[in-house]
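> The sequence and its predicted three-dimensional model are supplied below.
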Amino acid sequence: MEAFCIFIAALLAFLWIGFALMPWGVWRNREVLEAAPSPQKESLTEITAVIPARNEAEVIAQTLRSVAVQGTDIKVILIDDASEDGTAAVARKLAIPNAQIIVSAALPDGWSGKLWALEQGWRQVMTRYTLFLDADIKLAPGNILALKRKMQQQRAAFISLRRSIRLIASTCRIAKSRRPQVDASFWKPAFYSRSAASKR
């Protein structure tokens, strides 16, 4: 048993070293996406936010409101993934313009719950750009517009963001920055251009 534990520990150490030496080095990324000014005046009719949600009644309102204030005409597809806490009901009460609420269908073989929810939302998207957003993420005003401009400038098919995490030395606690960082790896939220990434 002791030999097995040593083997597992060595394997994990090897994997972590391999991850640290990978060429893309996500921890070395220092690019910060600054929010665009005056986002409420900008039309975001080309963008749909796809939000899978399971038992997110406590946070879904702030997430949806943070999307709604990003600009005019943005579309929202919320997929209620078998929530038991009234997540969909909370979302409906907000009456967000251009918002569609989908009740997730039964999980097919070979799918995980969240990916199946995302797939169902993705199938309903008709706009050029798609924003995949977790149900507990509160965006700062101007984030989506800045992301759209970034994609257009770089002619990118896909951009993903992650939250910056910093250590506060005086209290030794970790706080999450409100400014997302541009990252090439698969973090959420993710932003796709339909013109470059064809749908199935």
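That came through, no problem.
> in stretch 9-18, what's buried?
Buried residues in stretch 9-18, counting neighbours by 16 or more other Cβ atoms under 10 Å, are absent. In short, each C-beta sits where N, CA and C put it, glycine included.
> wait, stretch 72-86
For stretch 72-86, using 16+ other Cβ under 10 Å, the buried residues are 74-81, 83.
> Farthest pair within these?
Maximum pairwise distance in these, criterion Cβ to Cβ, is 22.9 Å, between 74 and 83.
> thinking again about what came up before, will you turn the buried residues of stretch 72-86 into JSON lines that also has secondary structure?
Compiled in JSON lines, the buried residues of stretch 72-86 are given as follows (DSSP: H, G, I helix; E, B strand; the rest coil):
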{"residue": "74", "secondary structure": "coil"}
{"residue": "75", "secondary structure": "strand"}
{"residue": "76", "secondary structure": "strand"}
{"residue": "77", "secondary structure": "strand"}
{"residue": "78", "secondary structure": "strand"}
{"residue": "79", "secondary structure": "strand"}
{"residue": "80", "secondary structure": "strand"}
{"residue": "81", "secondary structure": "coil"}
{"residue": "83", "secondary structure": "coil"}
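> Can you give me the end-to-end span of stretch 41-53?
Criterion Cα to Cα, to the nearest Å; first-to-last residue distance in stretch 41-53 is 28 Å.
> Tell me which residues are up against it.
Identification of contacts with stretch 41-53 by Cβ atoms under 8 Å, 6 or more residues apart in numbering yields 36, 60, 63-64, 67, 70-81, 83, 87-88, 91, 114, 117-118, 121-122, 125-135, 144-145, 148.
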